[in-house]
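A.B. asks: quick check, what structure comes out for this input:
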Amino acid sequence: MTEPILTGILAETWAAKPDKPTALGTPLRYSGSHGCARQMAYTALGAVKTDPMDSGDSWAPGIGTVIHEAMQDAIASVYKTAQFEYMSQLGKYISGATDALVTSQEILDTTGVNLYGTHVLWELKSMGEWAFDKQVGYNRKSLKVFHREGPKIGAITQAGMNALGIEAGDSNIYIQTILMGSVCVSALSVNKARAMGLSGFDRYGAEFRIGRDEWEPLARAELARLDAIGEKVAAGVLPDRIAIADNGGDAYLNPRGKDWQCDYCAFRALCVSDGEGEIATSDSWMTRVGV
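C.D. replies: Okay, the predicted model is just below:
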């Protein structure tokens, strides 16, 4: 295959962009929810990336950013109260920004649907066919629709932390419902959709209404975990390679294994060198490759 002259420029540009800073300059961010504690620590400490993303790694998140921005523009054209990238902070270590915040009253006026609270928070995730089909229960081979798994708990947790942060910063805001949007980068074909009894939005998207009784406990549990990670980093301790699995339990990651989180980690080689368990930051190989 020949080397691209023009076609690869977009992804190469995305890959070359520096990481976005946290919303309010904190060491940790809401979007790290359920992620690897050590990876978050490396990022917070500004460790040199031993495995930076290439243009292939940047393609999916780059497309996702384009979709997010276009959807925010579309929402703004309908919902005049909508606020985007609303920033907030929880404690000393964690901050973030939500995709959209809309008053419940305007949603009620526009759709007739009462989602309660003063505001509704919206978060969007774009994904490939495999992840999307799991969420919505599609089997494209058998042309059937099975039980919906819904959004991953890590995504719900991230949105919930945004909600708690927004409420903490403004006592006049109370969020009862989170709308979790999911969009697939490729729409279900017309023929398959017809066979499955689907059309329109269902061919590429889904929206889930998550009540406070579901999102708040997840968000508060993760807040406690991230606070503990922040305290360790502040105390000069590099945490172990622990994330939160889809079932809510601890996931001990192995950078020499097949954990997908490690496959996409920008610090994989550094983590291998540092070994298992908690170690003093001063003993990390970070001090040899620069901070």
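A.B. asks: residues contacting the residue positioned nearest the centre of the chain?
C.D. replies: The residue lying closest to the centre of the chain (CA atoms, centre = their mean) is Ser31, at 4.7 Å. For Ser31, the contacting residues are Gly96, Gln158, by CB atoms under 8 Å, 6 or more residues apart in numbering. Every C-beta, even on glycine, is put in place using the N, C-alpha and C of the backbone.
A.B. asks: from Gly96, how far off is it?
C.D. replies: Distance of Ser31 to Gly96, given as CB to CB, to the nearest Å: 6 Å.
A.B. asks: between the two, which contacts overlap?
C.D. replies: In contact with both Ser31 and Gly96: Gln158, using CB under 8 Å, 6+ apart.
A.B. asks: sorry, back to before: can I assume the residue nearest to the centre of the chain sits in a helix?
C.D. replies: Yes - under DSSP: H, G, I helix; E, B strand; the rest coil, Ser31 falls within a helix.
A.B. asks: heads up, I number from 11, so please use that
C.D. replies: Happy to do that; since the first residue is 11 now, the last one works out to Ser41.
A.B. asks: against Pro28, how distant is it?
C.D. replies: In this view, Ser41 and Pro28 are 16 Å apart by CB to CB.
A.B. asks: before we move on, what about Gly221?
C.D. replies: For Gly221, the distance to Pro28 - CB to CB - is 38 Å.
A.B. asks: looking at these two, which one has more neighbours?
C.D. replies: The residue with more neighbours, out of Gly221 and Pro28, is Gly221; 12 against 5, by other CB atoms under 10 Å.
A.B. asks: so where's the chain uncertain?
C.D. replies: Low-confidence segments of the chain (pLDDT under 70): 299-301.
A.B. asks: just the strands from the chain, written as ranges.
C.D. replies: 38-39, 96-100, 104-108, 110-113, 129-137, 148-149, 154-155, 185-194, 215-221, 247-248, 252-254, 260-262, 289-290 (DSSP state E).
A.B. asks: now the ones you listed as a markdown table including distance to Pro227?
C.D. replies: Below are the strands of the chain laid out as a markdown table (distance: least, CB to CB, whole Å):
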| stretch | distance to Pro227 |
| --- | --- |
| strand 38-39 | 20 |
| strand 96-100 | 15 |
| strand 104-108 | 17 |
| strand 110-113 | 21 |
| strand 129-137 | 16 |
| strand 148-149 | 29 |
| strand 154-155 | 29 |
| strand 185-194 | 13 |
| strand 215-221 | 11 |
| strand 247-248 | 27 |
| strand 252-254 | 13 |
| strand 260-262 | 17 |
| strand 289-290 | 32 |
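A.B. asks: and these: which comes nearest Met206?
C.D. replies: Closest approach to Met206 among the strands of the chain (CB to CB): strand 154-155, 5.8 Å.
A.B. asks: for the closest one, give me every contacting residue.
C.D. replies: Residues from elsewhere that reach strand 154-155, judged by CB under 8 Å, 6+ apart: Val146, Gly147, Tyr148, Asn149, Met206, Gly207, Leu208.
A.B. asks: how far away is the second one from Thr12?
C.D. replies: Distance check for Gly147 against Thr12: by CB to CB, it reads 41 Å.
A.B. asks: so for the two, which sits in the more crowded spot?
C.D. replies: Gly147 (14 against 4).
A.B. asks: for the more buried one, which residues are in contact?
C.D. replies: By CB under 8 Å, 6+ apart, Gly147 lies in contact with Val155, Phe156, His157, Arg158, Glu159.
A.B. asks: let's see it at 10 Å
C.D. replies: Contacts for Gly147 (CB atoms under 10 Å, 6 or more residues apart in numbering) come out as Lys154, Val155, Phe156, His157, Arg158, Glu159, Gly160, Ala216.
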